[in-house]
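**Student:** I would like to see how this sequence folds:
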Amino acid sequence: MATETSVQRSTSVTVSRWWHGVIAAVILASLVIQLVLIFTGGADANSGDEGESISIGVRLWRLFSFFTIESNLIVLAAALLLVLRPDRDGTSWRVLRLDALLGILITGLVFAIVLAPQVHLTGAALVATIGFHYISPWATLLAWLLLGPRPRMTWTTVLAAFVWPVLWLVYIFTQAPSPTGTRTPSWTPPTWASPPPSATPFFVLVLGILCATTFKLLDSKLPTIDHLRWFRS
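**Tutor:** Below is the predicted model:
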């Protein structure tokens, strides 16, 4: 029985490492594809805009201002840390993990509901957007639901996790206009459905509060998955 339990625990840790490794690989591949497209004048996987009349510097600035890209980079960091150590814990880690879950879930929902009907991509840009907006969000959510680790969240974690989104909102609405006259590069898809562009980030913030509260409640109610105990047993 002890041997069987040990094998099951080892298998779960291995699955966790592989799953998060695949997530990291998908994000890295999507980012490389997007960077190549930027340097070659191709389409942006977030907005569909092409860069024939825009400098590479402005396109890069826009790229890393997108909430999508920032969310995926946070997920990438969290995934790589879990590959290295599936039992990871600590105050900073808990905030990073919740930011990853929160940001990428909002990314997936907003793109699927609002942007997907408006942004029509083909070729390499389509491949990148599938990685950023479909595989990364739902694979990350499933990883947390099935593999944990949890519980890891407190209400203090929830509050701290909103530092990044709030700073992002401040940046978006206080930055100087770009050389092309665009004030908010991360909220410039071809068209916007209701609510209007100026209200959309705040709508997303409200959505984030609801999602964060849900994550906290699920973290305390779902079965415990603690790889730290497994390594010590």
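**Student:** When you work out contacts or count neighbours from here on, use the C-alpha atoms and nothing else.
**Tutor:** Noted.
**Student:** can you list contacts of stretch 15-32?
**Tutor:** 72-73, 75-76, 79-80, 82-84, 86, 127-129, 131-132, 135-136, 139-140, 143, 147 (Cα atoms under 8 Å, 6 or more residues apart in numbering).
**Student:** contacting residues for Arg152?
**Tutor:** Arg152 neighbours (Cα under 8 Å, 6+ apart): Asp89, Arg94, Asp219.
**Student:** would you list these in a markdown table and tack on neighbour count and pLDDT?
**Tutor:** Below are the contacts of Arg152 laid out as a markdown table (neighbours: other Cα atoms under 10 Å; pLDDT from 0 to 100):
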| residue | neighbour count | pLDDT |
| --- | --- | --- |
| Asp89 | 17 | 87 |
| Arg94 | 23 | 95 |
| Asp219 | 21 | 92 |
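**Student:** Closest to Trp61 out of those?
**Tutor:** Taking Cα to Cα as the measure, Trp61 sits nearest to Arg94 out of these, at 28.6 Å.
**Student:** Return the residues in contact with the closest one.
**Tutor:** Contact analysis of Arg94 by Cα under 8 Å, 6+ apart lists Arg152, Met153, Thr157.
**Student:** could those residues be laid out in a markdown table, adding secondary structure and pLDDT?
**Tutor:** Shown next, in a markdown table, are the contacts of Arg94 (DSSP: H, G, I helix; E, B strand; the rest coil; pLDDT from 0 to 100):
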| residue | secondary structure | pLDDT |
| --- | --- | --- |
| Arg152 | coil | 88 |
| Met153 | coil | 92 |
| Thr157 | helix | 95 |
